[in-house]
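A.B. asks: predicted model follows, preceded by the sequence.
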Amino acid sequence: MSEIEQHKQRIVQCIRMLELSGIMDYNGHASVRLDDGRMLINIGSCQRSQVTQGDIVTIDFDGNVIEGQGKPPLEFHLHAGIYQARSDVDAVIHCHPNWSTILTTAGAEYLPVYAQGSLVYPLPILDSPDSINNVDMAKRLTDLLGDRPAALMKAHGAVTTGKSIVDAFVLLNYLEDNAQRQYMAQQIGTPYSFTPEEIALCREKLWNENLFKRTWDHFSAKLGEGA
Ligand SMILES: [Zn+2]
């Protein structure tokens, strides 16, 4: 398998795992940066639960399709903006997950209520529900994101980034799991929010390539053969 095919296969796995977990719905997209200002990204119209390498196209940062069939998602600007602003980022995921989006819809702050969820804390929130479907919105998002690995968009969705698609996938899982736990805890009491010292310790222990790989493997094992 060529390097490009390996990247495509990782994107396919990532999208299928997110769909299977209920984190990604019929929208949502994942990308990997290539050299020369290009990226691999799933087409907007693909069936997320059945996505294949044929649904992954190569585009430039203006959204022109260089290789493959189909159109990139309208929010490709989000990916292009982050890659141009962040030389340290080589993979981006954006979707509209329930629990973290409920928090921003309700105006609730994301709290670090469990260890893995603290890795993305503090989590900036874009003060607009608009799609990131133009350069101006992408700039607003990248300005907000700064050097952080993830952000939420008010009443819209979440974005995670990483050096690899594994990083971005794992952080999105942690973020959404944390948001669900926080929401549940808020129904019966006041959630315990980790202290700065506890967050620092989590970061030291849990921001670890082997543990990220283990999380990825946990979900990819559920996909079974053919994905
Ligand atoms: Zn969106």
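C.D. replies: In hand now; what should we look at? Numbers count the residues shown, from 1 in each chain.
A.B. asks: just the C-alphas of the helix ranked longest in the chain, formatted as PDB.
C.D. replies: Scanning the chain for the helix with the most residues, using DSSP state H, yields helix 165-188. Presented in PDB, the C-alpha positions along helix 165-188 are these (Å, rounded to 0.1, in the frame of the first residue of the first chain):
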ATOM      1  CA  ILE A 165      -5.200  11.300  12.300                       C
ATOM      2  CA  VAL A 166      -4.800   9.100  15.300                       C
ATOM      3  CA  ASP A 167      -4.200  12.100  17.500                       C
ATOM      4  CA  ALA A 168      -7.200  14.100  16.100                       C
ATOM      5  CA  PHE A 169      -9.400  11.000  16.400                       C
ATOM      6  CA  VAL A 170      -8.400  10.200  20.000                       C
ATOM      7  CA  LEU A 171      -8.800  13.800  21.200                       C
ATOM      8  CA  LEU A 172     -12.300  14.000  19.600                       C
ATOM      9  CA  ASN A 173     -13.300  10.800  21.500                       C
ATOM     10  CA  TYR A 174     -11.900  12.100  24.800                       C
ATOM     11  CA  LEU A 175     -13.600  15.500  24.300                       C
ATOM     12  CA  GLU A 176     -17.000  14.000  23.500                       C
ATOM     13  CA  ASP A 177     -16.800  11.400  26.300                       C
ATOM     14  CA  ASN A 178     -15.900  14.100  28.800                       C
ATOM     15  CA  ALA A 179     -18.800  16.300  27.600                       C
ATOM     16  CA  GLN A 180     -21.300  13.400  28.100                       C
ATOM     17  CA  ARG A 181     -19.900  12.700  31.600                       C
ATOM     18  CA  GLN A 182     -20.200  16.400  32.400                       C
ATOM     19  CA  TYR A 183     -23.700  16.600  31.200                       C
ATOM     20  CA  MET A 184     -24.800  13.500  33.100                       C
ATOM     21  CA  ALA A 185     -23.100  14.700  36.300                       C
ATOM     22  CA  GLN A 186     -24.800  18.100  36.000                       C
ATOM     23  CA  GLN A 187     -28.200  16.300  36.100                       C
ATOM     24  CA  ILE A 188     -27.600  15.000  39.600                       C
END
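A.B. asks: show me which residues of it are buried.
C.D. replies: For helix 165-188, the neighbour count (16 or more other CB atoms under 10 Å) marks 165-183, 185 as buried. Where you see a C-beta, it was placed from the backbone N, CA and C, and this is true even at glycine.
A.B. asks: equivalent analysis for stretch 75-85, please.
C.D. replies: Neighbour-count burial for stretch 75-85 [16+ other CB under 10 Å]: 75, 76, 77, 78, 79, 80, 81, 82, 83, 85.
A.B. asks: strands of the chain, start to end?
C.D. replies: Ranges of strands in the chain, per DSSP state E, are 29-34, 38-42, 56-60, 65-67, 91-95, 125-126, 150-153, 157-162.
A.B. asks: any stretches of the protein with poor pLDDT?
C.D. replies: 225-227 (pLDDT under 70).
A.B. asks: touching, residue 30 and residue 78? I think so.
C.D. replies: No. Counting by CB atoms under 8 Å, residue 78 is not a contact partner of residue 30; they are 11.3 Å apart.
A.B. asks: overlap in contacts of these two?
C.D. replies: With contacts defined as CB atoms under 8 Å, 6 or more residues apart in numbering, the residues shared by residue 30 and residue 78 are 92, 94.
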